[in-house]
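Trainee: Predicted model and sequence below, questions to follow.
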Amino acid sequence: MTGPLVVAIDGPSGVGKSTVGRELARRLGIPYLDTGAMYRAIGLLAERNGIALPIADPDQVVALTSAADVRVTGTESDARTFLDGEDVSVEIRRPSISLYASAVSAIPGVRRQLASFQRRLALSGGGVLEGRDIGTKVVPETPAKFFLDASLDVRARRRHLELEAKGKPEPFDKVRGEMEQRDRADSTRSDSPLRCDESYVRLDTSDLNPGEVVERCLAALGSLPGKPESQVGESG
């Protein structure tokens, strides 16, 4: 792959993709593009429009997506999400929106619209992108692909603590159940399901802190053919 550096980070919810992606973008000096937040924004839009789960009319969501203005900021220090000009960065992190995000992301028409926008962003200026199908569908040609994983209990505990820290606690069993439901939906959808193939560097983060994951990603990037010598390994 020629052109700007594009790093794809895929994996299930609660595995630390956003934390690792932001720090990796900072260390590499390239944009951070939270593509998963875009699906969350469309999920929030569906909820606000009274669309219940399971979604009975996918075309209604496709139409909402076509008319919506969804944007993500492009820096690791200010990674925010805007929906029609409104900053929804906090609201889209509600556990219920995770279920909506998984539901809308299974709609082919929604995925095509958002994936096209994500690809243009990535190829125009490079960046770290994280989501579910970045390395399989959005920018499959990039050699810099990471699949982060961890056990369900570990991921649910992380999300539980994250919500508590934000002053929006949820019962652990509820968080775990919703995460398990999203895992199932993401892995079994017919269009661009969550999957890991041999083109990825797979990292189990269950017993690693974010800094250790970042260092392993940087080490792997440093071994890529044609790696950007001026970026990989910088301490920032």
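Mentor: Great, that's in hand. Residues are numbered from 1 along each chain as shown.

Trainee: ranges for the strands of the protein?
Mentor: Applying DSSP state E to the chain gives strands spanning 6-10, 32-34, 70-72, 81-83, 86-87, 127-131, 145-149, 201-204.

Trainee: Would you tell me which of these gets closest to residue 98?
Mentor: Of all these, strand 127-131 sits nearest to residue 98, with 13.2 Å by C-beta to C-beta. Using the backbone N, CA and C atoms, a C-beta is placed for each residue, glycine as well.

Trainee: dump the residue contacts of the residue sitting nearest the centre point of the chain.
Mentor: Closest residue to the average C-alpha location of the chain: residue 131 at 2.7 Å, with C-alpha atoms, centre = their mean. With C-beta atoms under 8 Å, 6 or more residues apart in numbering as the criterion, the residues that contact residue 131 are 9, 10, 17, 35, 36, 39, 118, 138.

Trainee: Could you report the neighbour count for the last one?
Mentor: Using other C-beta atoms under 10 Å, residue 138 has 27 neighbouring residues.

Trainee: can you check residue 213 too?
Mentor: 23.

Trainee: mind listing what it touches?
Mentor: With contact set as C-beta under 8 Å, 6+ apart, residue 213 has these partners: 16, 20, 148, 203, 205.

Trainee: swap in residue 151?
Mentor: residue 206.

Trainee: quick one: low-confidence ranges for the chain?
Mentor: Flagging of the chain using pLDDT under 70 yields the residue ranges 1, 74, 76, 225-236.

Trainee: Please, where are all the helices along the chain?
Mentor: Per DSSP state H, the chain has helices spanning 17-28, 35-48, 58-67, 95-105, 108-125, 152-165, 172-188, 210-222. These are given in chain order.

Trainee: list the buried ones in the second one?
Mentor: Counting neighbours by 16 or more other C-beta atoms under 10 Å, one finds that the buried residues in helix 35-48 are 35-47.

Trainee: Same question for the first one.
Mentor: Neighbour-count burial for helix 17-28 flags 17, 18, 19, 20, 21, 22, 23, 24, 25, 26, 27, 28 (criterion: 16+ other C-beta under 10 Å).

Trainee: From the contact counts, what lies against that helix?
Mentor: Based on contacts counted as 3 or more C-beta pairs under 8 Å, 6 or more residues apart in numbering; DSSP states H and E, the elements that helix 17-28 packs against are strand 6-10, strand 32-34, strand 127-131, helix 210-222.

Trainee: Show me the one of the ones you listed that comes nearest residue 93.
Mentor: Judged by C-beta to C-beta, the one of these that comes nearest to residue 93 is strand 32-34, at 11.1 Å.

Trainee: one step back: check the helices of the chain for me and report the most buried one.
Mentor: Greatest average neighbour count among those goes to helix 35-48 (a mean of 24), per mean count of other C-beta atoms under 10 Å.

Trainee: which helices and strands does that helix pack with?
Mentor: Other helices and strands packing on helix 35-48, by 3+ C-beta pairs under 8 Å, 6+ apart, are helix 58-67, strand 70-72, strand 81-83, helix 95-105, helix 108-125, strand 127-131.

Trainee: can you rerun that using 10 Å?
Mentor: Using 3 or more C-beta pairs under 10 Å, 6 or more residues apart in numbering; DSSP states H and E as the contact test, the elements touching helix 35-48 are strand 6-10, helix 17-28, helix 58-67, strand 70-72, strand 81-83, helix 95-105, helix 108-125, strand 127-131.

Trainee: These: which one's closest to residue 217?
Mentor: Closest approach to residue 217 among those is made by helix 17-28 (5.7 Å; C-beta to C-beta).
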